[in-house]
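Asker: sequence unknown, structure follows:
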Ligand SMILES: [Zn+2]
């Protein structure tokens, strides 16, 4: 499975600003910083060749 997520942070000083494609939610948690960043899930795909938008 492939997850496409965008990192957003409430702290304007935070350098974290990224889009990442990962395979598990655990991976996203490891990528996030510790100041309150949250990952907004953009899309998910069971097949990496076809990412379907969630919205
Ligand atoms: Zn942050």
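Answerer: In hand now; what should we look at? No experiment lies behind these values; they were computed from the predicted model shown.
Asker: burial count for the closest residue to residue 38 other than its chain neighbours?
Answerer: Spatially, and ignoring its direct neighbours in sequence, residue 38 is nearest to residue 8 (5.9 Å; C-beta to C-beta, 6 or more residues apart in numbering). Any C-beta I mention is one placed from the backbone N, CA and C, and that applies to glycine too. Counted with other C-beta atoms under 10 Å, the neighbours of residue 8 add up to 14.
Asker: Surely residue 8 and residue 36 touch.
Answerer: No: Residue 8 is not in contact with residue 36 according to C-beta atoms under 8 Å; the separation is 9.9 Å.
Asker: Residues of this structure that sit close to the ion?
Answerer: 9, 14, 16, 33, 35, 37 (C-beta under 5 Å from the ion).
Asker: Taking the residues you listed, tell me the two that lie furthest apart.
Answerer: 16 and 35 (8.0 Å; C-beta to C-beta).
Asker: Could you check how far residue 37 is from residue 27?
Answerer: 14 Å (C-beta to C-beta, to the nearest Å).
Asker: higher neighbour count, these two?
Answerer: Taking neighbours as other C-beta under 10 Å, residue 37 and residue 27 compare with residue 37 leading, 18 against 14.
Asker: residue contacts, the more buried one?
Answerer: Residue 37 sits next to 7, 8, 9, 14, 16 when contact means C-beta atoms under 8 Å, 6 or more residues apart in numbering.
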